[in-house]
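Peer 1: Below are the sequence and a predicted model; questions follow.
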Amino acid sequence: MALYEVLQNIMCFSLILRAKIINPELQAAPPRYRVAMIATKAPSEPLDVLQKTLTAMLNQDYPYPYDVWLADERPDDETRAWCAEQGIRISTRAGAAEYHQPQWPRRTRCKEGNLAYFYDKHGYDEYEVVAQFDADHVPSPSYLSSVTPAFLDPQIGYAACPSICGANADASWAVRGRLYEEAYFHGAWGASLARDFLPCCIGSHYVVRTAALKQIGGIGPELDEDMSTSYIMAANGFKGAFGLNTIANGDGPVNFEDAMRQDYQWTRSAMIIFCRYLYPWWGREYKLNMLERFGWLRPVDPPAYWVAWEMVLHKCLKPYWILMGAIHGLLGGLFGVHFDIKVTPKGDRGQSLMGLRCVAPMLLSSAFGFALAAFVAPAAGVAYLSALWLLGGAGAVLAAVVVALHYAENHSLQSLPWDNLAVHATAQLAALTLGGFAVLSKGWGDWGLLVQ
């Protein structure tokens with residue numbers, strides 16, 4: 001982990017030397033461009049979350065006419081009435097069987113299929129530029145004015161923008177951990193990729209030229225449709241821009257389980273994309289650099305203490321789920337195994353209960369380390385045994401911390417039902433028991449030497 005962090009920081013400072021962003025001095029695109037903003041809505045996402053996003057879309061300081069759309073999987077009467085009152089148009093693929101395919105393209109129960117219907121029926125013919133958003137990402141008033149100048153260059157096919165998930169930063173340590181950790185990725189890193197016109201879109205919001213999107217066959221495949229769309233655009237000769245000042249603020253997953261499930265699904269999807277689509281391009285290198293002097297490697301409002309404990313904890317926990325996602329992604333990419341997609345809960349629905357599978361990767365790692373220490377390592381030296389002990393102990397401690405934080409932030413025993421809590425405690429007790437057996441099987445002599 002330490003080596004990973006060192007290499008990551010070295011890479012980031014080397015990339016920052018050649019950053020490139022949309023010129024903030026340029027004026028908004030001329031009125032000949034027909035522009036639209038669209039938000040996607042899954043059935044599990046509440047209307048009150050969408051209302052904030054759509055209202056912000058309606059209140060842009062963009063000087064020319066534009067349309068606002070809602071791509072709703074199954075719009076109810078309340079949604080239709082509110083949108084009609086606000087002048088918002090609705091796109092829905094409900095009842096359109098050809099847009100509910102089991103696999104890509106036009107896959108059911110995923111954003112790609114939802115947006116494919118909009119672009120096929122309206123987007124390609126009615127607009128030149130479309131900005132698309134997740135339900136919870138609220139655009140700033142200057143969103144359109146700051147991003148549309150990029151499309152004055154006819155070679156620009158898309159514009160990537162920072163994905164900021166800090167609107168509910170007070171809700172959970174998990175939200176703050178991801179927010180702090182990914183700050184440089186959505187700012188400095190993204191701008192460095194734009195030096196060679198190859199920034200990677202982030203699915204929470206980005207902007208496309210509809211003619212370019214139509215030419216490549218529509219939104220890219222997989223759950224990481226943002227990444228696949230960016231690569232397909234580049235492969236077809238279109239350039240990308242990065243709107244560092246094009247801001248939309250959304251919600252992060254409000255508990256650890258939702259955050260890790262999201263990371264797991266992204267990692268799995270990225271691995272599938274690599275195995276199926278990107279491997280032939282492997283070896284192409286892009287020289288990407290940035291400048292630190294603008295403070296792009298720091299959060300806009302960092303905590304009083306420089307190294308936030310939420311970020312450190314998030315970094316320690318994330319590898320367990322990324323490894324699981326990578327393994328499942330390899331299974332999907334190489335052997336055609338299919339996995340379901342779960343939409344990250346929004347609003348109050350994000351306060352979900354914690355299940356055993358939330359801490360299962362840590363407990364499995366703990367049990368694995370303790371088991372090796374107990375049954376394999378007794379013949380090995382103290383250094384090897386101590387490494388296995390630390391591996392096992394880290395997993396058990398991290399799992400205990402996650403459970404404790406989830407309980408503390410929800411302020412109620414109902415957030416961790418006693419039956420679930422008993423399961424967590426039992427599983428951790430079993431892992432620690434294996435650790436105790438490792439001590440006994442090795443003998444106290446070596447452990448005394450280790451402690452000294």
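Peer 2: Alright, I've got the coordinates.
Peer 1: so how far is the helix or strand harbouring Asp125 off the chain centroid?
Peer 2: Assigned by DSSP states H and E, Asp125 belongs to helix 124-126. Distance, stretch centre to chain centre, for helix 124-126: 29 Å (Cα atoms, centre = their mean, to the nearest Å).
Peer 1: now swap in stretch 97-107 and tell me
Peer 2: With Cα atoms, centre = their mean, you get 23 Å for stretch 97-107.
Peer 1: What is the end-to-end distance of it?
Peer 2: Terminal residues of stretch 97-107 are spaced 10 Å apart (Cα to Cα, to the nearest Å).
Peer 1: For the residue lying closest to Thr79 once chain neighbours are set aside, give its distance to Ala56.
Peer 2: With sequence-adjacent residues excluded and distances taken as Cβ to Cβ, 6 or more residues apart in numbering, Thr79 is closest to Leu47, at 5.6 Å. Bear in mind the C-beta positions are built from the backbone N, C-alpha and C, glycine included. To Ala56, Leu47 is 15 Å away according to Cβ to Cβ, to the nearest Å.
Peer 1: Looking at the two, which is more packed in?
Peer 2: Ala56 (21 against 18; other Cβ atoms under 10 Å).
Peer 1: Report all helices and strands that the helix or strand containing the more buried one contacts.
Peer 2: Per DSSP H and E, Ala56 falls inside helix 47-58. Counting contacts by 3 or more Cβ pairs under 8 Å, 6 or more residues apart in numbering; DSSP states H and E, helix 47-58 is packed against strand 35-41, strand 66-72, helix 77-86, strand 138-139.
Peer 1: For Gly123, which of those is the nearest?
Peer 2: When the helices and strands packed on helix 47-58 are compared by Cβ to Cβ, strand 35-41 sits nearest Gly123, at 7.1 Å.
Peer 1: outside of the closest one, which residues touch it?
Peer 2: 29, 50, 53-54, 57, 60, 62, 64, 66-73, 75, 79, 91, 111, 114-115, 118, 123, 126-135, 139, 143-144, 148 (Cβ atoms under 8 Å, 6 or more residues apart in numbering).
Peer 1: Quick one: mean pLDDT for that strand?
Peer 2: Average pLDDT, strand 35-41: 97.
Peer 1: Stretch 196-210 too?
Peer 2: Averaging pLDDT along stretch 196-210 yields 92.
Peer 1: Next, the distance between the ends of it.
Peer 2: 22 Å.
Peer 1: mind listing the strands in this protein by residue range?
Peer 2: In the chain, the strands defined using DSSP state E lie at 35-41, 66-72, 89-91, 129-133, 138-139, 156-160, 205-209, 239-242, 248-249.
Peer 1: Serialize those to CSV and add fields for distance to Met260.
Peer 2: Output for those, formatted as CSV (distance: least, Cβ to Cβ, whole Å):
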stretch, distance to Met260
strand 35-41, 23
strand 66-72, 28
strand 89-91, 32
strand 129-133, 24
strand 138-139, 25
strand 156-160, 25
strand 205-209, 23
strand 239-242, 28
strand 248-249, 22
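Peer 1: Any regions of the protein where pLDDT drops low?
Peer 2: Along the chain, the model assigns pLDDT under 70 to residues 1-18, 278-308, 337, 339-355, 376-383, 411-452.
Peer 1: report the longest helix in it, please.
Peer 2: helix 382-410 (DSSP state H).
Peer 1: Could you list the domains of this protein?
Peer 2: 19-278, 356-446 (the TED database).
Peer 1: returning to what we had before: which elements pack onto the longest helix of the chain?
Peer 2: Contacts defined by 3+ Cβ pairs under 8 Å, 6+ apart place helix 382-410 against helix 256-273, helix 309-335, helix 356-375, helix 418-442, helix 444-451.
Peer 1: picking up where we left off before, and of the helices and strands packed on helix 47-58, who's closest to Ala167?
Peer 2: Using Cβ to Cβ, those put strand 138-139 closest to Ala167, at 6.9 Å.
Peer 1: to the chain's geometric centre, what's the distance from the closest one?
Peer 2: Mean-position distance between strand 138-139 and its chain equals 17 Å (Cα atoms, centre = their mean).
Peer 1: So what touches that strand?
Peer 2: For strand 138-139, the surrounding residues in contact (Cβ under 8 Å, 6+ apart) are 37, 52-53, 56-57, 60, 131, 133, 167, 205, 247-250.
Peer 1: and it, which strands flank it?
Peer 2: Paired with strand 138-139 in the same sheet, following DSSP bridges, are strand 248-249 (antiparallel).
Peer 1: Run the chain-centre distance for the partner strand.
Peer 2: 14 Å.
Peer 1: right, and Phe242 touches Ile22 too?
Peer 2: Yes - when contacts are counted by Cβ atoms under 8 Å, Phe242 is listed as touching Ile22 (6.9 Å).
Peer 1: who touches both of these two?
Peer 2: Common neighbours of Phe242 and Ile22, counting by Cβ under 8 Å, 6+ apart, are Ala159.
Peer 1: quick one, what contacts Val68?
Peer 2: 36-38, 54, 57-58, 86-89.
Peer 1: Quick one: those as TSV, columns for neighbour count and distance to Glu225 too.
Peer 2: Converted to TSV, the contacts of Val68 look like this (neighbours: other Cβ atoms under 10 Å; distance: Cβ to Cβ, whole Å):
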residue	neighbour count	distance to Glu225
Ala36	22	19
Met37	27	18
Ile38	25	14
Leu54	25	22
Met57	26	21
Leu58	12	26
Gln86	14	28
Gly87	9	28
Ile88	22	23
Arg89	16	22
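Peer 1: what's the closest of those to Val402?
Peer 2: Comparing the contacts of Val68 against Val402 with Cβ to Cβ places Leu54 closest, at 34.8 Å.
Peer 1: burial measure for Gln27, as a count.
Peer 2: Number of residues near Gln27 (other Cβ under 10 Å) recorded here: 10.
Peer 1: Spatially nearest residue to it, not counting backbone neighbours?
Peer 2: Nearest in space to Gln27, with sequence neighbours left out and distances taken as Cβ to Cβ, 6+ apart, is Pro149 at 6.6 Å.
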